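Chemist: Predicted model and sequence follow; I will ask about them next.
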Amino acid sequence: MSTPLLLSPSQLQQLLPDTKQVSILDASWFMPNSPRNANEEFLKKRVPGAQFLDLDEVSSPHELGLKHMIPSERHFADTCGMTKLTDCIHIYKSSSSITEAFGIEPTSHVILYDTHGVFSSPRALFMFRAFGHEKSSILDGGLPRWEAEGFPIEAKPPARTRNSVYPTPVFDKAMIRSYDQMASNSFTDLHSDPAVELVIDARSRGRFLGTDPEPRPGLSSGHIPHSFSLPFTAFLQTSTIPNSSVQYTTFLPIAELRNALVSHVGDHAEAVIQGKRPITTTCGSGMTAGVLWLGLKLLGAPNVALYDESWTGYASRASSKIEKAAN
């Protein structure tokens, strides 16, 4: 039986008694220009038993200094647990290293959430699925929805994680696109060749068209040639917690997700869903591209990849062709 991509707060609550088989991770992340600090907020309030996943730390170094790039197989395994039993013994002797691993095993059901509702948790889910950890889901609506529906909040210091063994996994390279692959694909004709990948951009329409600035100073806005604008917010709906100004996002129902895809890419939508046309998601830095990736997976699209560097990597290179007009 396959593990659902989305869980509601009530579904997560039903899983909590089995804490040995469930690992909950707060994968909150904020834009570089935001005053909020995800780890500080986690320490103040979280889903009971949750641990904090820093997506900028669980990553690989990049030649351009880009953040939250997909980690190495070994780094991912060491974040989850230890790669062999002798490592567990070594870690037990070093209290400063115990918190580096989450106590996750290959059979653990990993549930990821964020404090926006749906924002950075899909990127975290993408990472787990890319390393073959299929038993993983996101909490749809995140911490705000969990709290709004009356489920308990934890504010005491996080508990120490248990030791676990997590063998080094095999990364699915088909789920990631490199700069060279994206640049090559941008010169191809989408309409004459069914093998050409459709590229959808999760940034705002203004940044896509080059009329609004990028949040990263000195970086040009615009888009990759032949790509389509599909702001990640088009896949989401916003709710307001009663008697407050706090809002959170959740995924649209499947029928509305399909309509959103059709409205942005037209006739290509059905080919993507049926697996006849591969598709790659991109955004500013590889974060909200995860929202589009997850929305497409919810629609059943089989051939979905993510451009890890996304626009920051693409536009930082002098050799990149940047377009600013609408398709």
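Modeler: Alright, I've got the coordinates.
Chemist: ok, now which ones touch the spatially most central residue of the chain?
Modeler: In the chain, the C-alpha nearest the mean C-alpha coordinate belongs to Arg123, at 0.8 Å (Cα atoms, centre = their mean). The neighbours of Arg123, taking Cβ atoms under 8 Å, 6 or more residues apart in numbering as the test, are 27, 29, 55, 68, 286-290. C-beta here means a position set from N, CA and C on the backbone, and glycine is covered the same way.
Chemist: Give me the subset of these lying in helices.
Modeler: 289-290 (DSSP state H).
Chemist: any idea which helix or strand comes after the one helix or strand in the chain whose mean pLDDT sits lowest?
Modeler: Here the helix or strand of the chain ranked lowest by mean pLDDT, DSSP states H and E is helix 85-93, holding a mean of 40. Next helix or strand after helix 85-93 toward the C-terminus (DSSP states H and E): strand 109-113.
Chemist: Paired strands for that following strand, with orientation please.
Modeler: Paired neighbours of strand 109-113 in the sheet (DSSP bridges): strand 22-26 (parallel), strand 136-139 (parallel).
Chemist: helix or strand for Leu143, which one?
Modeler: Per DSSP H and E: helix 142-148 holds Leu143.
Chemist: helix or strand right after that helix?
Modeler: Past helix 142-148, the next helix or strand by DSSP H and E is strand 176-177.
Chemist: on that earlier part again, mean confidence (pLDDT) on the helix holding Leu143, please.
Modeler: Average pLDDT, helix 142-148: 97.
Chemist: what packs against it?
Modeler: Secondary-structure packing of helix 142-148 (3 or more Cβ pairs under 8 Å, 6 or more residues apart in numbering; DSSP states H and E): helix 9-15, strand 109-113, strand 247-251.
Chemist: can you list those in CSV and add distance to Asn37, mean pLDDT and mean neighbour count?
Modeler: Converted to CSV, the helices and strands packed on helix 142-148 look like this (distance: least, Cβ to Cβ, whole Å; pLDDT from 0 to 100; neighbours: other Cβ atoms under 10 Å):
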stretch, distance to Asn37, mean pLDDT, mean neighbour count
helix 9-15, 24, 96, 16
strand 109-113, 17, 98, 25
strand 247-251, 19, 98, 20
